[in-house]
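> Predicted model and sequence below, questions to follow.
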Amino acid sequence: MKKLLSLAACLMAVTVVAVSCTPKDKPDGKCELTAFSLSSSIAGTIDAAAKTITVVIPTSVTSDSFTPTFTVTDYDVVTIGGTPATSGETSVTVADGTKVIVADEVSAMTTEYTIKVVSTDQKAELVAVSFKASDNTLLSEDVAPDAIASEMVVRVPGEAFRQELTVTVEAGFNDEIKVNNEAVASGSSIKVDTNFPIDITVTDSVDGATAKYVLKVGKILDYVVTKLGTYAEGTMNDLSMSINPNDNLPYIAYTRKLDGEGNWGVSVAKWNGSSFSLVGTSGIADVSSRGASKPVLAFAKDGSIYVRYFGGEVASKPTVKKFEADWTLVGTAGFTPHNNSTTYPHAFFIHPESGKPCVFWCGSTKKVETLRTMSFATFDGSEWSSTIVTGVIPALATDQSTGNFWTSVSMVNKSKAYIASQFNNYGYYVHEVNADGTLSTIIENYVPADAPHGLPANLQLKEGPDGALYVLAAVRAGDGSMQVFTVDQEAKTLKTYGSGLPLTIGDKGGIDQDFGFAVNPVDGLVVVAWDDSESTTFSYLDDNLQWAFFPGDFDDGTSPFFVEFDKDGNGYIAYLNDAKTVVLYKVALEPDILPGE
């Protein structure tokens with residue numbers, strides 16, 4: 001028994017000795033972070049000496065909650081913002097200044113780190129660049145490019161062109177700027193020589209992204225008038241001009257009389273960019289018995305060319321021909337039931353919806369129902385039909401004076417057709433022409449100022465930017481003037497646009513001057529070519545809507561003037577000069593000369 005107790009005591013003693021001899025964990029003498037990330041895309045940069053953790057967080061990240069991953073030295077535990085954290089498991093809130101504490105479990109060592117949050121937009125960008133009037137005595141207002149792009153152009157007045165100017169630049173978040181390799185603080189200015197392109201480099205100071213820009217300073221371009229050339233075919237008369245929307249070139253229709261011919265024939269010519277050339281054969285009307293007059297062009301959507309003239313085949317009646325391989329008759333010659341008045345122009349066009357030739361006309365033969373009324377004729381593919389327009393125009397008085405249909409002019413775009421009209425002792429009318437020839441009234445009996453009624457001569461209807469309609473019409477009030485109006489379709493009225501041009505109303509109530517008129521479809525420039533009784537003048541409405549004059553010595557004209565713009569904003573002016581020769585001018589922006597080009 002004593003032996004057994006002794007053995008047990010001995011075993012217990014061995015056990016106690018064994019336990020007391022197990023070595024404790026020894027401190028590694030370190031307590032530090034070795035890696036730290038807020039997410040897979042946001043890694044921290046640890047500065048062991050400064051005890052900081054810098055994290056670059058994109059501005060696109062809107063949450064401040066993260067589940068960090070990190071590594072530490074042996075036996076260390078981590079607390080982030082007061083929350084014990086396990087790498088890749090614990091969600092914590094992180095902001096600039098958040099504390100990260102690393103504590104050693106087997107010693108009294110602790111290390112405290114401070115999180116430094118740096119935001120980045122992950123891009124380098126130029127936000128604004130401008131030349132301010134306050135910094136540049138040669139400028140009356142601030143100027144800047146239309147948009148920030150890798151290549152930019154800013155335009156200055158002529159006196160500031162190719163001068164030393166001060167430019168102001170502004171960059172984006174964290175971005176640094178160099179202008180011509182010289183550092184400039186964002187929002188600050190630097191002088192530059194605008195004879196040369198200006199190089200601008202923007203670098204993001206956080207992530208190193210770089211963007212490069214080139215700024216060129218050009219001149220604000222002025223419109224100039226250039227004479228393109230002249231054109232003659234025998235003795236010429238009755239000129240008209242239109243732009244073919246399909247090839248974007250001006251066409252002219254005219255009457256001409258060649259040597260040995262007794263009657264006026266009709267020809268059509270096209271400007272090919274350097275000269276005029278005939279479209280089809282010369283002399284497209286049959287003038288063996290009588291002369292033709294007043295040719296007018298019209299164009300269909302498919303590019304087909306039509307011309308309407310009076311006389312030739314049938315005296316005092318209109319005939320329409322279409323150019324195919326050559327000029328072919330549309331329907332029958334002299335298609336209206338009665339003779340036409342040709343004192344003032346009447347609309348001729350191809351309706352964009354129906355594709356049919358359309359004519360508004362006024363009978364000139366007495367004792368017939370069409371005398372001084374507005375009639376509409378159209379070709380349905382096999383024959384012409386003609387009806388008297390009623391209901392949306394003033395009624396013709398029994399004395400066939402008041403309400404007399406004087407004139408109508410047309411304007412056609414891709415989808416709609418419009419006419420502007422004038423009736424005796426009434427004001428101006430604007431209608432939309434429906435595909436069936438009926439009229440929808442836009443403006444009726446507009447009498448400008450205190451004038452008793454409008455005048456038919458020189459009435460014109462044109463389209464400007466964004467489909468806006470413009471009218472040029474005579475105003476009787478005061479000394480009389482030619483006035484540009486805008487068509488307010490919602491208010492159903494004409495609105496004065498700019499000042500008027502001087503006008504002389506003759507003893508018989510006619511207008512002594514001839515006016516051509518058009519509106520640039522690109523920038524809205526209004527151009528008028530006219531005879532001021534002393535010389536031919538080309539005028540335009542300036543930025544203050546006052547009439548300015550194109551400089552130049554222009555051929556004196558003896559016929560109505562025609563002004564048309566193509567869809568690219570190039571204008572053309574055509575008329576017959578004193579020698580009865582067609583003279584053609586171009587209205588366009590002056591050549592653009594930019595630095596480095």
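Great, that's in hand. Residues are numbered from 1 along each chain as shown.

> C-alpha from now on. contacts and neighbour counts both.
Noted.

> in stretch 192-200, what's buried?
Residues 192, 194-195, 197-200 are the ones in stretch 192-200 that count as buried (16 or more other CA atoms under 10 Å).

> now swap in stretch 359-367 and tell me
Applying a neighbour-count criterion of 16+ other CA under 10 Å, one finds 359-364 buried in stretch 359-367.

> what's the answer for stretch 316-326, then?
By neighbour count, with 16+ other CA under 10 Å as the criterion, the buried positions of stretch 316-326 are 316-323.

> Skipping adjacent residues, who's closest to Tyr306 in space?
Lys322 (4.4 Å; CA to CA, 6 or more residues apart in numbering).

> Does the one you found touch Leu329 like I think?
Yes - the pair Lys322 and Leu329 qualifies as a contact (CA atoms under 8 Å) at a distance of 6.5 Å.

> Give the bridge partners for Phe376, please.
According to DSSP bridges, the residues that bridge with Phe376 are Phe360, Thr387.

> Distance of it relative to Asn237?
According to CA to CA, to the nearest Å, Phe376 stands 27 Å off from Asn237.

> ok so, going back, rebuild the buried residues of stretch 359-367 as a markdown table, extending it with pLDDT.
Conversion of the buried residues of stretch 359-367 to a markdown table gives the following (pLDDT from 0 to 100):
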| residue | pLDDT |
| --- | --- |
| Val359 | 98 |
| Phe360 | 98 |
| Trp361 | 97 |
| Cys362 | 95 |
| Gly363 | 95 |
| Ser364 | 94 |
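
> Helix, strand, or coil at the spatially most central residue of the chain?
Nearest to the mean C-alpha position of the chain, counting by CA atoms, centre = their mean, stands Val522 at 5.6 Å. Classification of Val522 into helix, strand or coil gives coil, according to DSSP: H, G, I helix; E, B strand; the rest coil.

> quick one, phi psi at it?
The main-chain torsion angles of Val522 are listed as degrees, to the nearest 10 and equal phi -90, psi -50.

> contacting residues for it?
Taking CA atoms under 8 Å, 6 or more residues apart in numbering as the criterion, Val522 is in contact with 464-465, 567-569.

> my guess is the residue nearest to Tyr306 is in a strand, correct?
Yes - if the criterion is three-state DSSP, then Lys322 is within a strand.

> That one bridge partners, please.
According to DSSP bridges, the partner residues bridging Lys322 are Tyr306, Thr328.

> Now do it, the pLDDT please.
On the pLDDT scale, Lys322 is placed at 98.

> just Pro23 next, same as before
What the model reports as pLDDT for Pro23 is 48.

> Quick check: Gly524 touching Glu463?
No - the pair Gly524 / Glu463 is not scored as a contact, 9.3 Å apart, by CA under 8 Å.

> More neighbours: which of the two?
Neighbours of Gly524 and Glu463, each counted by other CA atoms under 10 Å, are more numerous for Glu463; the result is 22 against 16.

> how about Leu138, what does it touch?
159-160.

> Equivalent analysis for Thr111, please.
Residues 31-32, 101-103 are the ones in contact with Thr111 under the rule CA under 8 Å, 6+ apart.

> ranges for the helices of the chain?
Defined through DSSP state H, the helices belonging to the chain, from first to last, are 2-20.

> where in it is pLDDT low?
Counting by pLDDT under 70, the chain contains low-confidence residues at 1-25, 533.

> what are the ranges of the strands in the stretch 101-250 of the chain?
Using DSSP state E, counting those that start in this stretch, the strands of the stretch 101-250 of the chain run over residues 110-120, 126-130, 151-156, 164-171, 175-179, 182-184, 189-193, 198-204, 210-219, 223-231, 235-244, 249-257.

> now the shortest one, how far from the centre of its chain.
Pointing back at strand 182-184 there. Its chain's C-alpha centre and that of strand 182-184 lie 36 Å apart, by CA atoms, centre = their mean, to the nearest Å.
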